[in-house]
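Undergrad: Could you look at this predicted model? Sequence included:
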2 protein chains.
Amino acid sequence: MTLSGDGEETPGLHAEPAGFAMERAGGVALWRQIAERLKADIRAGVWAQGSRLPAESALAERFGVNRHTLRRAVAELAAEGLLAARQGRGTFVESVPISYPIASRTRFSEIIGRQARSPGGRLISSSRETASPWLVEKLRLRPGESVHRLETLRVADGVPISLSTSWFSAERFPDLVSRYAETGSVTMALAAHGLEDYTRQRTDISARLAEPEEARWLKLAPGAPVLVNDIVNVDGEGVPIQVSHSRFAAERIQLTVES
Amino acid sequence: MTLSGDGEETPGLHAEPAGFAMERAGGVALWRQIAERLKADIRAGVWAQGSRLPAESALAERFGVNRHTLRRAVAELAAEGLLAARQGRGTFVESVPISYPIASRTRFSEIIGRQARSPGGRLISSSRETASPWLVEKLRLRPGESVHRLETLRVADGVPISLSTSWFSAERFPDLVSRYAETGSVTMALAAHGLEDYTRQRTDISARLAEPEEARWLKLAPGAPVLVNDIVNVDGEGVPIQVSHSRFAAERIQLTVES
DNA sequence: GATTATTTGTCCGTATGTATA
DNA sequence: ATATACATACGGACAAATAAT
């Protein structure tokens, strides 16, 4: 978690007063805690892509653990594709978690495309159901109106990124499901119904631990954190057209808000 | 966390196929995972305060674990004061964790603004140190320049909300720490150095598990998720003046971005 | 090429925590 | 409460690959 570089040792919070011993805390293994801290450092830019990490022995001393324990943490991140250890040379940052900018015009395919990864989404399931009072308010529907509900999994380079549940007015977008199934794109499915453009109205962000079913779809270890994104998209007149609830694999993503 | 109303049951996702077996994985003990899920359920209102939980054997079967393992999870929540097990009577919800939906009504900039400009929280510690290469780049300093580092804790109604680490150029803002100590405000401390206004340049949001030290300050169970905010503030000319790294207790907070 | 220091990889054993029966 | 199996964490020793001298 140390945000500072590796040059000097920073006292106080976050910096490990050399030899400070972490504890195996409350059912969370030490190696898991260390893996999380290393991952956070990589995400925060402490070590850039391609750069070399301090030697295992140095890191182990910094975290106050045995080298084997540190190696277990590195092995975990290596399995996730974040690090690569090479005998005799060192351990290197292989890839940095994708950054997902939140702006008024957020489009998954564009974001992933920009970062030179192949986007992909797949429809897990869909259903047509009567809008709950909650949805009636959010989408400004008439009580009793029905909605399409889509469960989708978004993937980049074969790695699951997010699991989403989306709702659309079934009256306004009757063929949304089939159009989405054909194109794999919400933008194109909406365009087929004459909607030229839409924008993000608001985004609520929270975090929690993944549920087992979510962990399975996102290929996460049970107990891994997910970033939860509740969004509302509106058309040109400001009328809500999409309500969506996405769970991102926190270890593979970072949300960015530019002001 | 299902965003749909409570009327219908959602097939597939989120529903627990009875007898579904959780696995011990990723260095997080089974009992810890179950404790987190029970806590989330209590927070979500599945069981109200004072109500009785299903019998241990029933819960154990639902989670697909041995009764001892479930008892270990219940013991954890009992130690936290959430549950109380009474022999012969059952296990009862003692108290429900408070949730601060700061976000549902507050603008993202205001939340973070409050956090950065008028901490209202307390200064845990401060230090002066040589800027790491990482900070040199972020704050556009000269190598070897020194920075102020402030650790602050924000509290609402006596409940810890966030833990922040901030860095400022010590050359440009020599008296920042004492001014901050006097006023309790970053804005006023900066104004004392002639800085009229500053704006948020970017915010990176990620999530991970709380570290032991963070869990202690935020009064979280080890293994609970934190929302991590990495921010950069700039002056009128776009020169970075503050880099800050905040950890929010995810179970008590939600961030909102309005577009 | 040979030597040496550094770094990761693998093996041994021991103690403790976790999970089931 | 006991027994068993596996995961976690530590400590030490040595092998293998790499880079610099």
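TA: Now that the structure is in, tell me what you want to look at.
Undergrad: counting residues per helix, which one in chain A is longest?
TA: The helix that spans the most residues within chain A, counting by DSSP state H, is helix A:30-44.
Undergrad: Identify the residues contacting the closest residue to residue A:26 other than its chain neighbours.
TA: Of all residues not flanking residue A:26 in the chain, residue B:222 sits nearest, at 3.4 Å (C-beta to C-beta, 6 or more residues apart in numbering or on different chains). For glycine as for every other residue, the C-beta is placed from the backbone atoms N, C-alpha and C. By C-beta atoms under 8 Å, 6 or more residues apart in numbering or on different chains, residue B:222 lies in contact with A:25, A:26, A:27, A:28, B:32, B:210, B:212, B:215.
Undergrad: Can you list which of those are found in helices?
TA: B:32, B:212, B:215.
Undergrad: Could you measure from the spatially closest residue to the first one that is not a sequence neighbour over to residue B:28?
TA: Just to be clear, that refers to residue B:32. Spatial nearest neighbour of residue B:32, chain neighbours left out: residue A:27 (3.1 Å); criterion: C-beta to C-beta, 6+ apart. Distance, residue A:27 to residue B:28, by C-beta to C-beta, to the nearest Å: 7 Å.
Undergrad: And chain A, what are its domain boundaries?
TA: Split into domains by automatic domain parsing, chain A comes to A:2-93, A:98-257.
Undergrad: nearest to residue B:53, of those?
TA: domain A:98-257 (18.8 Å; C-beta to C-beta).
Undergrad: do that closest one and DNA strand C meet?
TA: No. Judged by C-beta under 7 Å from any atom of the strand, domain A:98-257 stays clear of DNA strand C, getting no closer than 9.9 Å.
Undergrad: does DNA strand D sit close to that domain?
TA: No. Against DNA strand D, domain A:98-257 shows no contacts by C-beta under 7 Å from any atom of the strand, the least distance being 9.7 Å.
Undergrad: got the contact list for residue A:202?
TA: A:231, A:232, B:256, B:257, B:258, B:259.
Undergrad: So what's the residue count around the third one?
TA: So that's residue B:256. 21 (other C-beta atoms under 10 Å in any protein chain shown).
Undergrad: Was I right to think it contacts residue A:201?
TA: No. Applying C-beta atoms under 8 Å as the test, residue B:256 and residue A:201 come out as separate, 11.0 Å apart.
Undergrad: is any part of stretch A:129-136 close to chain B?
TA: Yes. Using C-beta under 8 Å from any C-beta of the partner chain, stretch A:129-136 reaches chain B at A:129, A:132, A:133, A:134, A:135.
Undergrad: Mind giving me the PyMOL command for buried ones among those?
TA: In PyMOL syntax, the buried subset of these is picked out as below (16 or more other C-beta atoms under 10 Å in any protein chain shown):
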select buried, chain A and resi 129+132+135
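Undergrad: quick one: which of the residues of stretch A:129-136 next to chain B is nearest to DNA strand D?
TA: In terms of C-beta to the nearest atom of the strand, no member of the residues of stretch A:129-136 next to chain B lies closer to DNA strand D than residue A:134, at 39.5 Å.
Undergrad: does that closest one belong to a helix or a strand, and which?
TA: helix A:133-138 (DSSP states H and E).
Undergrad: can you tell me the average pLDDT over the helix or strand just after that helix?
TA: Downstream of helix A:133-138, the next assigned helix or strand under DSSP H and E is strand A:146-156. Taken as a whole, strand A:146-156 has a mean pLDDT of 92.
Undergrad: that's a helix at the residue nearest to residue A:26, yeah?
TA: No. According to DSSP: H, G, I helix; E, B strand; the rest coil, residue B:222 belongs to no helix; its state is coil.
Undergrad: From residue A:159, how far out is it?
TA: Where residue A:159 is concerned, residue B:222 sits at a distance of 28 Å (C-beta to C-beta).
Undergrad: Look up phi and psi at the closest residue to residue A:193 other than its chain neighbours.
TA: Of all residues not flanking residue A:193 in the chain, residue A:173 sits nearest, at 4.9 Å (C-beta to C-beta, 6+ apart). Main-chain torsions, residue A:173, degrees, to the nearest 10: phi -120, psi 70.
Undergrad: Let's see the pLDDT reported for residue A:173.
TA: 97.
Undergrad: Counting neighbours, what do you get for it?
TA: 21.
Undergrad: Cross-check the contact I'm expecting between it and residue A:198.
TA: No. Counting by C-beta under 8 Å, residue A:173 does not reach residue A:198; the two are 11.6 Å apart.
Undergrad: tell me, what's touching these two both at once?
TA: With C-beta under 8 Å, 6+ apart, residue A:173 and residue A:198 have common neighbours A:190, A:241.
Undergrad: follow-up on the earlier one: I'd like the contacts of residue B:222 as JSON lines, with neighbour count, distance to residue B:46 and pLDDT appended.
TA: As requested, the contacts of residue B:222 are exported to JSON lines (neighbours: other C-beta atoms under 10 Å in any protein chain shown; distance: C-beta to C-beta, whole Å; pLDDT from 0 to 100):
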{"residue": "A:25", "neighbour count": "19", "distance to residue B:46": "27", "pLDDT": "63"}
{"residue": "A:26", "neighbour count": "18", "distance to residue B:46": "23", "pLDDT": "71"}
{"residue": "A:27", "neighbour count": "24", "distance to residue B:46": "22", "pLDDT": "79"}
{"residue": "A:28", "neighbour count": "27", "distance to residue B:46": "24", "pLDDT": "83"}
{"residue": "B:32", "neighbour count": "25", "distance to residue B:46": "19", "pLDDT": "87"}
{"residue": "B:210", "neighbour count": "27", "distance to residue B:46": "24", "pLDDT": "87"}
{"residue": "B:212", "neighbour count": "16", "distance to residue B:46": "29", "pLDDT": "80"}
{"residue": "B:215", "neighbour count": "21", "distance to residue B:46": "24", "pLDDT": "89"}
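Undergrad: wait, which of those is closest to DNA strand C?
TA: Nearest member of the contacts of residue B:222 to DNA strand C, counting by C-beta to the nearest atom of the strand, is residue A:27, at 4.6 Å.
Undergrad: for the closest one, phi and psi?
TA: Given degrees, to the nearest 10, the pair of backbone angles that residue A:27 has is phi 80, psi 0.
Undergrad: Tell me who's in contact with it.
TA: Applying C-beta under 8 Å, 6+ apart, the residues near residue A:27 are B:28, B:29, B:31, B:32, B:35, B:76, B:222, B:223.
Undergrad: Below-threshold pLDDT in the stretch 51-200 of chain A: ranges please.
TA: A:103, A:109-120 (pLDDT under 70).
Undergrad: what's the burial count for the closest residue to DNA strand D within the stretch 151-259 of chain A?
TA: Per C-beta to the nearest atom of the strand, residue A:221 is where the stretch 151-259 of chain A lies closest to DNA strand D, at 9.7 Å. Using other C-beta under 10 Å, residue A:221 is surrounded by 18 other residues.
Undergrad: Which residue is the nearest non-sequential neighbour of it?
TA: Going by C-beta to C-beta, 6+ apart, residue A:221 has residue B:26 as its nearest residue, at 2.7 Å.
Undergrad: Quick check: the gap between the one you found and residue B:178.
TA: Computed as C-beta to C-beta, the residue B:26 to residue B:178 distance reads 45 Å.
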